[in-house]
Every structure is written in C-alpha cells, then in structure tokens.
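In: Just need the structure, nothing else, for what follows:
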Amino acid sequence: MSSHDRLIVIGGGIGGVATALAARRAGREVTLLEQASAFTEVGAGLQMAPNATRVLRDLGVLDQVVAAGVLPEHLVFHNAVDGKELTRVRLDAAYEEHFGGPYVVVHRSDLLDILVRAAEKAGVEMLTGRRVEDIEQHTGSVTVRTADGTEYTGAAVVAADGLHSRTRTLFSDDEPIQSGYVAYRGTIPMEDVQGGENLRDVLVWMGPKLHLVQYPLRSGALYNQVAVFRSPGFDRGEEKWGGPEEMEQVFTAACEPVRRALPGLGRQRWWPMADREPISCWTKDRIALLGDSAHPMLQYLAQGACQALEDAATLASAATRHTAADGTVAWPSALEEYAAERAPQTARVQSTARIWGEMWHVEGVAALLRDEVFRNRADDDLSYAEWLWGRRAA
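Out: You can find the predicted model right below:
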C-alpha cells in the first residue's frame with residue numbers, strides 16, 4: 001500500500017496503541033506518533049472488565065495480560081465508615097462464561113508494554129518524540145505535521161491524545177470539567193500488607209466524600225491502592241487544592257482498615273479528577289477522536305481504558321466493512337459508522353460514572369439508603385451490568 005492508504009494514529013497510550021494493533025491485524029498499514037520519548041503510562045492499576053478482556057482476546061494478548069496481572073475472586077463493596085461489607089460480586093468461571101471474558105486487574109505499564117510489543121511485532125510503525133502540531137485534510141488524504149517539521153501523509157487520522165486533546169478543538173471548544181475530587185495512588189509489596197497472602201479481591205470502601213479501592217497486581221506481588229476524596233480547598237475556591245494534608249483531614253472519618261492504607265500512598269503527586277460533557281460529533285471527513293479525547297470520564301466505573309479498547313475494536317471492524325476490492329478503505333464512511341456506534345454507549349458511561357461517584361460519596365440518610373440497596377442485591381444478580389459488561393456492548 002502507498003502512504004496514502006495508511007492510517008495515522010496520534011497518541012501512544014493504551015487506546016492509541018490498541019487502535020494501531022487492531023487496525024494492523026485487520027490489514028491496514030499504520031503509523032503511530034507519540035510525543036513522549038518512550039511509551040509509558042503514569043499510574044498503577046487498571047481493572048479490565050469483560051467488555052475489555054474480550055477485545056484483548058481478539059487482539060491476541062489476553063493470555064499475556066492475565067499472566068502479568070491477577071484474576072480477582074470477588075468485587076467487594078464496604079461502608080468506609082463502619083467497615084461493614086455491603087455486597088460482593090463473584091468473579092468466577094460462571095461470571096466469565098456469562099460475560100464472555102474474565103475480570104482482570106493489571107498494572108497500566110504492563111498492559112501498555114504488552115500492547116506495544118504486539119503492535120511492533122505486527123508491523124506497526126511506532127514513532128516516539130513526535131509532537132503533532134497540525135493536521136491538514138486534502139481530497140483523499142490527510143497530512144500530519146510534527147513540531148520538527150516532518151510531515152506524515154495517510155488516508156485517515158485517529159487522535160487518541162487524551163483528556164487534554166489538541167485534536168478535539170477541531171470538534172468542540174469545551175474544556176475539562178474538574179469534579180473537585182482528587183486521587184492519590186500507591187503500590188506496596190504484598191509482603192508488607194497485613195494478611196496479604198489471602199488478598200485476591202477488588203475492595204471498594206465508600207464513604208462521605210471519600211473512597212478507597214484496593215487490589216493485588218503483578219501476580220500478587222504488589223498491592224495497589226487508590227484513595228479519592230473531595231477537596232475542601234476546591235470547595236473554598238482556592239487556587240491550590242487537594243494536597244496531602246487535605247487527604248489526612250478528610251480520611252479521619254474512615255474506619256481503621258481504610259486509614260491503614262494511607263501511609264502506602266504517594267504524596268509527591270496527586271491526580272485531580274476531571275471529565276468533559278459528551279459530544280456527538282467525533283469525526284470530520286478523515287479525522288476521528290478515540291478514547292479520552294472523544295469521551296473522557298470519571299473513574300468510578302473503571303471504564304476509561306475499557307471503553308478505549310472497545311473504540312479500537314469497533315473502528316477496526318468498521319474499516320474492514322468499508323474496504324473495497326482493491327484493499328482501500330472508504331475512511332470517511334468507516335469513521336462515521338464507528339462514531340455512530342460508539343458515541344451513544346460512551347455518553348451513557350460518562351453520565352453513569354458521574355452518578356455512580358455521587359452515590360459512593362453520599363452521607364447521612366442517603367448513605368443509609370445506598371447501603372440498603374447494596375445489601376439487598378442478590379448474590380447472583382448481574383443484570384445491572386449487562387449494558388456495560390455484556391457482549392452487546394462490545
């Protein structure tokens with residue numbers, strides 16, 4: 001194929017690399033441009049629900065991801081104030097059979113490394129240190145210009161350049177919306193965790209304006225912990241907010257098992273949690289958005305990376321359906337079909353993630369009602385997640 005038949009992917013995170021790999025496995029020539037000097041992910045753990053692991057299986061990397069991660073036994077919800085268990089979801093063989101894929105927890109960097117190696121082996125041109133400055137559409141092609149003046153010409157461009165996507169400005173003048181919540185992350189050796197040898201679950205502790213998530217990583221060698229809280233400084237309108245002293249203050253309301261996690265969290269960096277409003281237009285002729293550039297979401301459903309993986313699979317399938325006998329793709333129609341299929345689902349995930357977060361963080365009577373709803377859930381009831389994890393969402 002000539003350069004004019006090539007797909008150019010902007011962004012070397014999980015969504016971008018998965019898109020490049022999926023397109024290459026579908027027969028496309030692909031060039032990926034990453035602005036950093038290496039393919040790296042910041043942060044620790046990821047929860048890969050079945051809607052994501054089905055995609056990873058189709059990409060040929062699920063076995064590697066499982067080997068690098070952990071198959072948790074349960075997803076367990078607690079009240080973070082009194083410590084009482086509210087409900088648990090069995091992530092067993094019956095669960096996997098029902099949804100067509102396992103639930104896996106894996107280190108972000110491990111997942112990205114696996115995808116990068118698979119993309120390189122498949123023949124994707126993987127280029128680092130390429131900061132995209134401009135995209136120009138022509139009749140039948142697109143040119144991407146990087147900061148060093150190099151131009152890359154292809155048949156289509158997919159921008160997976162994250163929450164602060166520069167490409168999104170072609171579609172919307174919106175800005176990220178700060179939720180006022182901050183996340184602190186950390187991993188510690190499992191041998192340093194009390195009772196660590198028996199920890200095989202994903203634990204969620206929900207409390208007033210705070211929560212904690214814990215689960216094992218790297219075949220049980222590490223324990224991942226993420227503490228999230230509403231910043232009092234943000235509510236006061238302060239310019240600097242979310243610092244470690246605020247975390248210590250807010251988590252005094254939590255029970256001892258939750259407070260015990262705080263020393264294992266990093267204090268040098270924290271992540272303000274932001275999203276954007278859903279937009280319906282992701283494509284413009286031969287340019288499309290993907291992943292967080294299209295639908296950044298809050299983390300409460302653990303679906304950011306999962307939805308990006310679904311995007312990648314859907315886009316590759318759409319390209320195949322719009323491939324002519326000579327091997328060329330009718331990219332404008334393929335991208336339009338991809339966005340039409342994915343935008344309604346991701347908009348629902350974005351809005352539901354906000355609601356789910358509000359439910360986690362309520363207090364008083366609202367917290368009593370939430371806990372009662374969780375306690376009354378039947379152990380084998382998975383109907384609430386069909387729209388998200390079910391095979392129809394893939």
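
In: Can you list the residue ranges for helices in the chain?
Out: Counting by DSSP state H, the segments of the chain that form helices are 14-25, 50-58, 62-68, 93-99, 108-122, 232-235, 244-250, 256-259, 304-321, 331-360, 365-375, 386-389.

In: so how far is H361 from the residue lying closest to E363 once chain neighbours are set aside?
Out: Excluding its sequence neighbours, the residue lying closest to E363 (CB to CB, 6 or more residues apart in numbering) is P208, at 3.6 Å. Yep, even glycine has a C-beta here, placed from its N, CA and C like the rest. Separation of P208 from H361 (CB to CB, to the nearest Å) stands at 7 Å.

In: follow-up on the earlier one: export the helices of the chain to TSV and tack on mean pLDDT and mean neighbour count?
Out: Putting the helices of the chain into TSV (pLDDT from 0 to 100; neighbours: other CB atoms under 10 Å) gives the following:
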stretch	mean pLDDT	mean neighbour count
helix 14-25	98	28
helix 50-58	98	24
helix 62-68	98	17
helix 93-99	96	15
helix 108-122	97	20
helix 232-235	98	15
helix 244-250	97	16
helix 256-259	96	16
helix 304-321	98	24
helix 331-360	97	19
helix 365-375	97	14
helix 386-389	96	18
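
In: Touching, the residue nearest to E363 and D82? I think so.
Out: No. Between P208 and D82 there is no contact under CB atoms under 8 Å: 11.8 Å.

In: Settle it for me: which of these two has more neighbours?
Out: More crowded of P208 and D82, by other CB atoms under 10 Å: P208, with 19 against 10.

In: what's the more buried one in contact with, if anything?
Out: When contacts are counted by CB atoms under 8 Å, 6 or more residues apart in numbering, P208 touches V81, A253, H361, V362, E363, A367.

In: Spell out for me the ChimeraX command that would select the buried members of those residues.
Out: To isolate the buried members of those in ChimeraX, using 16 or more other CB atoms under 10 Å:
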select :81,253,361,362,367
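
In: and R130, which of the helices of the chain is closest to it?
Out: Nearest to R130 among the helices of the chain is helix 14-25 (12.0 Å), distances taken as CB to CB.

In: Export that closest one to PDB, keeping only CA atoms.
Out: Extracted C-alpha coordinates of helix 14-25, given in PDB (Å, rounded to 0.1, in the frame of the first residue of the first chain):
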ATOM      1  CA  ILE A  14      -3.400   2.300  25.700                       C
ATOM      2  CA  GLY A  15      -6.200   3.500  23.400                       C
ATOM      3  CA  GLY A  16      -3.800   4.600  20.600                       C
ATOM      4  CA  VAL A  17      -1.600   1.500  20.700                       C
ATOM      5  CA  ALA A  18      -4.700  -0.800  20.800                       C
ATOM      6  CA  THR A  19      -6.100   1.000  17.800                       C
ATOM      7  CA  ALA A  20      -2.900   0.700  15.900                       C
ATOM      8  CA  LEU A  21      -2.700  -3.000  16.700                       C
ATOM      9  CA  ALA A  22      -6.300  -3.700  15.800                       C
ATOM     10  CA  ALA A  23      -6.100  -1.800  12.500                       C
ATOM     11  CA  ARG A  24      -2.800  -3.600  11.600                       C
ATOM     12  CA  ARG A  25      -4.300  -7.000  12.400                       C
END
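
In: the inter-axis angle of it versus helix 304-321?
Out: Here the directions of helix 14-25 and helix 304-321 differ by 20 degrees (axes from the mean of the first three to the mean of the last three CA atoms, to 10 degrees).

In: How far away from the center of its chain is helix 14-25?
Out: 15 Å (CA atoms, centre = their mean, to the nearest Å).

In: same deal with stretch 216-232?
Out: Distance, centroid of stretch 216-232 to centroid of chain: 15 Å (CA atoms, centre = their mean).

In: Quick check: end-to-end length of that stretch?
Out: End-to-end distance of stretch 216-232 (CA to CA, to the nearest Å): 30 Å.

In: If we only consider the contacts of P208, which is nearest to V228?
Out: H361 (8.6 Å).

In: And the residue lying closest to H322 once chain neighbours are set aside, how far from A23?
Out: If the residues on either side of it in the chain are set aside, H322 comes closest to A334, at 3.9 Å by CB to CB, 6+ apart. Distance from A334 to A23, counting by CB to CB: 11 Å.

In: Also P272?
Out: 33 Å.

In: again, but for E248
Out: Going from E248 to A23 by CB to CB gives 47 Å.

In: Please apply the same query to H74.
Out: Here the criterion is CB to CB. By it, H74 lies 36 Å from A23.

In: Over to L335?
Out: Taking CB to CB, one finds L335 at 12 Å from A23.

In: anything in contact with each of the two?
Out: Joint contacts of L335 and A23 (CB under 8 Å, 6+ apart) are L315.

In: any low-confidence regions in the stretch 51-200 of the chain?
Out: Counting by pLDDT under 70, the ranges of the stretch 51-200 of the chain that qualify are 197.

In: how about the strands in it?
Out: Along the stretch 51-200 of the chain, the segments classed as strands by DSSP state E, counting those that start in this stretch run 74-79, 85-90, 104-107, 125-127, 132-138, 141-146, 151-154, 156-159, 177-189.

In: Single out the most deeply packed of these.
Out: Mean neighbour counts were compared across those using mean count of other CB atoms under 10 Å; the top stretch is strand 156-159, at a mean of 30.

In: Put the alpha carbons of that one into CSV.
Out: Taking Å, rounded to 0.1, in the frame of the first residue of the first chain, the C-alpha atoms of strand 156-159 are listed here in CSV:
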residue,chain,number,x,y,z
ALA,A,156,-7.1,8.9,7.8
VAL,A,157,-6.0,10.1,11.2
VAL,A,158,-7.3,8.8,14.6
ALA,A,159,-6.4,11.1,17.6
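
In: which residues make contact with that strand from outside it?
Out: Identification of contacts with strand 156-159 by CB under 8 Å, 6+ apart yields 7-11, 16, 19, 135, 142, 144, 165, 167-168, 286-290, 293, 315, 329, 331, 334-335.
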